[in-house]
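Student: here is a sequence together with a model predicted from it:
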Amino acid sequence: MKPLDAEVARLRLTVSRAFLDKLEAATDALGHACPGGTAAEILECGLDLVLAQQARRHGLVEKPRRSGGPSGTR
């Protein structure tokens, strides 16, 4: 990884044909949300989804449920 400035870095990697197929499928699937999205934007979106999924699995949520309310009583 080579930093280009404080916000951007260059990353070179070798990927499989399957990876490229998945990237193309993701680009097509996100076309409505990210028209003309670059590979970097599509990959960042995917990483955001993975991190959000992991946070939910580990109970890390932005707005935790309040305890003791009507739904919290039995």
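Tutor: Structure received. Residues are numbered from 1 along each chain as shown.

Student: would you mind writing the CA trace of the helix or strand hosting residue 56 as CSV?
Tutor: Here residue 56, judged by DSSP states H and E, is contained in helix 39-57. Below are the C-alpha coordinates for helix 39-57, written out as CSV (Å, rounded to 0.1, in the frame of the first residue of the first chain):
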residue,chain,number,x,y,z
ALA,A,39,-14.2,-0.4,-8.1
ALA,A,40,-12.9,1.3,-5.0
GLU,A,41,-16.4,2.7,-4.2
ILE,A,42,-18.0,-0.7,-4.7
LEU,A,43,-15.4,-2.5,-2.5
GLU,A,44,-15.8,0.2,0.2
CYS,A,45,-19.6,-0.3,0.2
GLY,A,46,-19.0,-4.0,0.5
LEU,A,47,-16.6,-3.6,3.4
ASP,A,48,-19.2,-1.3,5.1
LEU,A,49,-21.8,-4.1,4.9
VAL,A,50,-19.4,-6.7,6.3
LEU,A,51,-18.4,-4.5,9.2
ALA,A,52,-22.1,-3.6,9.9
GLN,A,53,-23.0,-7.3,9.9
GLN,A,54,-20.2,-8.2,12.3
ALA,A,55,-21.2,-5.3,14.6
ARG,A,56,-24.7,-6.7,14.7
ARG,A,57,-23.4,-10.2,15.5
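
Student: quick one: mean pLDDT over that helix.
Tutor: For helix 39-57, mean pLDDT is 90.

Student: ok, the residue nearest the centre of the chain to residue 14 distance?
Tutor: For the chain, the residue nearest the mean C-alpha position is residue 48 (2.1 Å; C-alpha atoms, centre = their mean). Distance of residue 48 to residue 14, computed by C-beta to C-beta, to the nearest Å: 24 Å. Where you see a C-beta, it was placed from the backbone N, CA and C, and this is true even at glycine.

Student: just give the nearest non-adjacent residue to residue 9, would you?
Tutor: Sequence neighbours aside, residue 3 is the residue nearest to residue 9 in space, at 4.7 Å (criterion: C-beta to C-beta, 6 or more residues apart in numbering).
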